[in-house]
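1. Fold the following for me, if possible:
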Amino acid sequence: MNIILGIIGMIIGASITIYSEKLLNAFGSIAFFDKYLGTEGGSRLGYKLIGLLVFFLAMLTATGLIQGFLMWVLSPIISTIQR
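-> Just a heads-up that it's a prediction; the model follows:
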């Protein structure tokens with residue numbers, strides 16, 4: 001089941017990355033990305049970064065490595081809570 005969800009997520013992530021211009025036209029610009037990534041192409045780059053993040057997380061899900069990655073990313077927060 002993880003493989004199927006991972007493949008679907010990879011398709012969605014790739015689609016977000018490929019069609020970032022169409023997403024920008026459909027949903028408009030994102031102020032955060034325009035502010036921090038530049039005024040020209042900031043939102044396009046933001047949509048592409050979101051697509052790459054979705055693709056990366058879906059690939060980790062498909063290969064079964066998502067739990068280890070999330071534990072590594074969240075370990076500073078978890079160790080702080082357990083003290």
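2. so where is the protein shaky, pLDDT-wise?
-> 39, 83 (pLDDT under 70).
3. can you list contacts of the lengthiest helix in it?
-> Within the chain, and with DSSP state H defining each element, the longest helix by residue count is helix 42-63. Residues outside helix 42-63 that contact it (CB atoms under 8 Å, 6 or more residues apart in numbering): 2-3, 5-10, 12-18, 20-21, 23-24, 28-30, 32-38, 66, 69. Heads up, the C-betas are built off the backbone N, CA and C, glycines and all.
4. change it to 6 Å
-> 2-3, 5-6, 9-10, 12-14, 16-17, 20, 23-24, 29-30, 33-34, 37, 66, 69 (CB atoms under 6 Å, 6 or more residues apart in numbering).
5. Now the element after that helix, going C-ward?
-> The helix or strand immediately downstream of helix 42-63 is helix 66-82, counting by DSSP states H and E.
6. That next one: which residues count as buried?
-> Residues of helix 66-82 classed as buried under the neighbour-count rule (16 or more other CB atoms under 10 Å) are residue 66.
7. again with stretch 28-36
-> Neighbour counts using 16+ other CB under 10 Å place 30, 33, 34 of stretch 28-36 among the buried residues.
8. got the angle for the longest helix of the chain vs helix 66-82?
-> Using axes from the mean of the first three to the mean of the last three CA atoms, to 10 degrees, the direction of helix 42-63 lies 100 degrees away from that of helix 66-82.
9. Thanks a lot, catch you later.
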